[in-house]
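1. The amino acid sequence is not available; the structure is as follows:
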Ligand code: PBG
């Protein structure tokens, strides 16, 4: 029998792990503030920062406060923010028509942020869930989320959001044909340079709960989203979705949720070499915060490890509610 020394005589993996400096030199991936997109929640009113109950440390901002927070994010080196509204219940209806109001909350926020921090990227979303009275991402007729009528509505919404100043339009509702329709609509309105970020592989996940409380759909959502979001057991289907979205003109692909779907990020990145983003969603944020609160894990280390793992999986950028926190930690470490 050989001794360990004989087995490892010319290959000991631990040599490169001996010192912090060697570990740094052989490190394959790193996170920097330029990889982060900060999703924020916005609400009506003035001077408001309301805590979100299920997302400790996350607040809903009124328009004025959102603009201040955007300035702070920009100063921390964060390239872009994504906005999600919590509008008054009485503005929500069956078709989510409030999304078409050029002076609606989301468009007000876009204008306020562009006015205060023009260099910061703004990504808006055309999904209807913050606007419908049943919390679904599309228009519901006789219990069915109708595809084509929804696509018509969100294409119009994309034009209105672009007019307000959004730089990238994202579509998180998983309707068929929406990327191509949004592209046509934007081009038709002269917005050829406005990008589309498609939520390409968005799964019917159990991890969205805290987000629904943040935008006020938790009480109203009837049924689940499994007739339009992807089955959580599927992987090949994500590549099929990606091929369609690229063909229809998507500029950026998104995988959502993030941590349970790192394999999907890697497959999409390897197959298409497209800009591929990941969304560390509300349930993932809440799990880390809850674990830290209970003393089960070290909060800061868990945050940074989780974000670096997205990079390792192949993500170019990460949507995360930890964005300002992570950017601060990175600043401190540098
Ligand atoms: C739906 C949408 C969801 C999220 C953002 N937009 C999922 C959903 O509620 O079904 C989730 C984000 C998160 O959980 O952080 N258009």
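-> Structure's in. What do you need? Here the structure is a predicted model, which means the values were calculated and not measured. Residues are numbered from 1 along each chain as shown.
2. Report the contact partners of the residue in the stretch 1-150 of the chain that the ligand sits nearest to.
-> Nearest to the ligand, among the residues of the stretch 1-150 of the chain, is residue 127, at 3.2 Å (Cβ to the nearest ligand atom). For every residue, glycine as well, the C-beta is placed using N, CA and C. With contacts defined as Cβ atoms under 8 Å, 6 or more residues apart in numbering, the neighbours of residue 127 are 137, 154, 171, 172, 173.
3. Break down this structure into its strands, ranges please.
-> Residue ranges of the strands in the chain, as given by DSSP state E, are 36-43, 49-51, 59-61, 80-86, 121-125, 139-141, 144-146, 168-171, 195-202, 252-256, 276-280, 317-320.
4. Now mean pLDDT, mean neighbour count and distance to residue 292 too, for these, in JSON lines please.
-> Rendered in JSON lines, the data for the strands of the chain read as follows (pLDDT from 0 to 100; neighbours: other Cβ atoms under 10 Å; distance: least, Cβ to Cβ, whole Å):
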{"stretch": "strand 36-43", "mean pLDDT": "98", "mean neighbour count": "25", "distance to residue 292": "19"}
{"stretch": "strand 49-51", "mean pLDDT": "97", "mean neighbour count": "13", "distance to residue 292": "17"}
{"stretch": "strand 59-61", "mean pLDDT": "98", "mean neighbour count": "21", "distance to residue 292": "18"}
{"stretch": "strand 80-86", "mean pLDDT": "98", "mean neighbour count": "22", "distance to residue 292": "24"}
{"stretch": "strand 121-125", "mean pLDDT": "98", "mean neighbour count": "24", "distance to residue 292": "28"}
{"stretch": "strand 139-141", "mean pLDDT": "96", "mean neighbour count": "19", "distance to residue 292": "38"}
{"stretch": "strand 144-146", "mean pLDDT": "97", "mean neighbour count": "16", "distance to residue 292": "37"}
{"stretch": "strand 168-171", "mean pLDDT": "98", "mean neighbour count": "26", "distance to residue 292": "29"}
{"stretch": "strand 195-202", "mean pLDDT": "98", "mean neighbour count": "26", "distance to residue 292": "27"}
{"stretch": "strand 252-256", "mean pLDDT": "98", "mean neighbour count": "25", "distance to residue 292": "23"}
{"stretch": "strand 276-280", "mean pLDDT": "98", "mean neighbour count": "27", "distance to residue 292": "15"}
{"stretch": "strand 317-320", "mean pLDDT": "99", "mean neighbour count": "24", "distance to residue 292": "15"}
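5. any chance of these in CSV, plus distance to the ligand?
-> Compiled in CSV, those are given as follows (distance: least, Cβ to the nearest ligand atom, whole Å):
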stretch, distance to the ligand
strand 36-43, 7
strand 49-51, 16
strand 59-61, 13
strand 80-86, 6
strand 121-125, 6
strand 139-141, 14
strand 144-146, 12
strand 168-171, 9
strand 195-202, 7
strand 252-256, 7
strand 276-280, 6
strand 317-320, 8
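6. Distance of the closest residue to residue 65 other than its chain neighbours relative to residue 281?
-> Once flanking residues are discounted, residue 65 sits nearest to residue 49: 5.4 Å by Cβ to Cβ, 6 or more residues apart in numbering. Going from residue 49 to residue 281 by Cβ to Cβ, to the nearest Å gives 22 Å.
7. quick one: buried residues of stretch 185-192?
-> Counting neighbours by 16 or more other Cβ atoms under 10 Å, one finds that the buried residues in stretch 185-192 are 185, 186, 189, 191.
8. tell me the contacts of the first one?
-> So the one you mean is residue 185. Neighbour list for residue 185: 155, 156, 158, 159 [criterion: Cβ under 8 Å, 6+ apart].
9. So what pairs up with the residue nearest to residue 35 when sequence neighbours are not counted in the strands?
-> Nearest in space to residue 35, with sequence neighbours left out and distances taken as Cβ to Cβ, 6+ apart, is residue 317 at 5.1 Å. Beta-bridge pairing for residue 317 (DSSP bridges): residue 277.
10. wait, residue 317 sits on residue 39?
-> No. When contacts are counted by Cβ atoms under 8 Å, residue 317 is not listed as touching residue 39 (12.0 Å).
11. averaged over its residues, what pLDDT does stretch 207-226 have?
-> In this model, stretch 207-226 has an average pLDDT of 93.
12. what sits up against that stretch?
-> Outside of stretch 207-226, the residues that reach it under the criterion Cβ under 8 Å, 6+ apart are 41, 52-55, 58, 60, 84-87, 89, 92, 129-130, 133-137, 143, 204, 257, 260, 281-286.
13. quick one: residue 269 and residue 312 touch, right?
-> No. Using Cβ under 8 Å as the test, residue 269 is too far from residue 312 to be in contact (11.0 Å).
14. Could you check which of the two is surrounded by more residues?
-> When neighbours are counted by other Cβ atoms under 10 Å, residue 269 and residue 312 differ, and residue 269 comes out ahead with 19 against 14.
15. List the residues that contact that one.
-> Contact criterion Cβ under 8 Å, 6+ apart gives 276, 313, 314, 315 as the residues in contact with residue 269.
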